[in-house]
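Enquirer: the following comprises the amino acid sequence and a computationally predicted model.
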Amino acid sequence: MNIQFPPFLQKGDKVVIVSPSSKIDKQFLKGAKKRIESWGVKVVMGKHAGGSSGRYAGTISQRLKDLQDAMDDPKVKAILSSRGGYGAVHLIDKIDFTAFREYPKWLLGFSDITALHNLFQKNGYASLHSLMARHLAVEPEDDPCTNYLKDILFGNLPSYTCEKHKLNKQGSTQGVLRGGNMAVAYGLRGTPYDIPAEGTVLFIEDVSERPHAIERMMYNLKLGGVLEKLSGLIVGQFTEYEEDCSLGKELYAALADLVKEYDYPVCFNFPVGHVTHNLPLINGAKVEFTVGKKNVELKFIC
């Protein structure tokens, strides 16, 4: 399937902030609105963006309506998910793309928003795995990831160069960049919203998952024939977990063992995940991925 890029933003365009998953502190919403408006666009809040229903930012119907309204609005050019957490999976089989197809727009977010990225790609649209409201509210003006996000939204696609890692597997490849949060993507395996393996440069990250749980998910990808079909693998940041020593080795080393038989490039410690240096990645973009002796390069070739 050919993945379509939504139109890039221009000054004066409309951006909507919605909360499709967990609830968020309203101060972060205000800060994110102020930061995005400094880019010369108009920002409006979804009706329930600051709402609360248990752990969620509203009931399923409220969160769905906010997202659907933003997708249907012909004037909206980008939709920022305020945060992840949990809850996007409630929405993905209820969203209608009829109006969106007439006026495609960028979806922004990461973590639990991986479920929506998978949905958008299933429907043929690229989306932006990117920082969210808290980052926009608290990081300084010169924050590099915020500036990369702005650049991408306005059509200036970056190339990323990252440090080498001792476990990297060298090589160069082209493919379609897909991925996100490992547990969220794992929860969609065997559904229509699964990530297709063929020709994919897969990137993965997670937070608060114990190493043996990550390894178990990775074995699922191996035994399910996914890993052997990939064009490349980008292992991002796995953070906020207790090193339980159950694997007898570090997590990256365990993952390296699982992919050593494949001949595509693999990099470790890529800056994507639940960390401040969380590079925006275009889900559905064609990329050139090179793991060299000295560094790692990722270039968007659309």
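Expert: Happy to help now that I have it.

Enquirer: domain parsing for the chain?
Expert: By the assignment in the TED database, the chain contains the domains 12-152, 157-298.

Enquirer: ok, and which of those domains has the densest surroundings?
Expert: Of all these, domain 12-152 has the most neighbours on average by mean count of other C-beta atoms under 10 Å, namely a mean of 20. For the C-beta atoms, the positions are set from N, CA and C on the backbone; glycine is no exception.

Enquirer: compute the first-to-last residue distance for that one.
Expert: By C-alpha to C-alpha, to the nearest Å, the extent of domain 12-152 from end to end equals 16 Å.

Enquirer: what of stretch 107-121?
Expert: End-to-end distance of stretch 107-121 (C-alpha to C-alpha): 11 Å.

Enquirer: so how far is that stretch from its chain's centroid?
Expert: Here the centre of stretch 107-121 is set off from its chain's centre by 6 Å, with C-alpha atoms, centre = their mean, to the nearest Å.

Enquirer: quick one: the strands in the stretch 101-250 of the chain?
Expert: 106-109, 127-129, 159-163, 171-181, 200-207, 232-239 (DSSP state E, counting those that start in this stretch).

Enquirer: the residue nearest to residue 219 when sequence neighbours are not counted: what's it in contact with?
Expert: Closest residue in space to residue 219, ignoring its immediate chain neighbours: residue 258 at 7.1 Å, by C-beta to C-beta, 6 or more residues apart in numbering. Residues in contact with residue 258 (C-beta atoms under 8 Å, 6 or more residues apart in numbering) are 215, 218-219, 222, 227.

Enquirer: about what we covered before: which among the strands of the stretch 101-250 of the chain is found nearest to residue 294?
Expert: For these, proximity to residue 294 was assessed by C-beta to C-beta; strand 159-163 is nearest, at 8.9 Å.

Enquirer: and that closest one, which strands flank it?
Expert: strand 295-300 (antiparallel) (DSSP bridges).

Enquirer: next, the angle from the partner strand to strand 232-239.
Expert: With axes from the mean of the first three to the mean of the last three C-alpha atoms, to 10 degrees defining the directions, strand 295-300 sits at 110 degrees from strand 232-239.

Enquirer: excluding its backbone neighbours, what's nearest residue 70?
Expert: Nearest residue to residue 70, sequence neighbours excluded (C-beta to C-beta, 6+ apart): residue 16, at 4.1 Å.

Enquirer: confirm that neighbour sits in a strand?
Expert: Yes. The secondary structure assignment for residue 16 places it in a strand, going by DSSP: H, G, I helix; E, B strand; the rest coil.

Enquirer: right, I'll leave it there.
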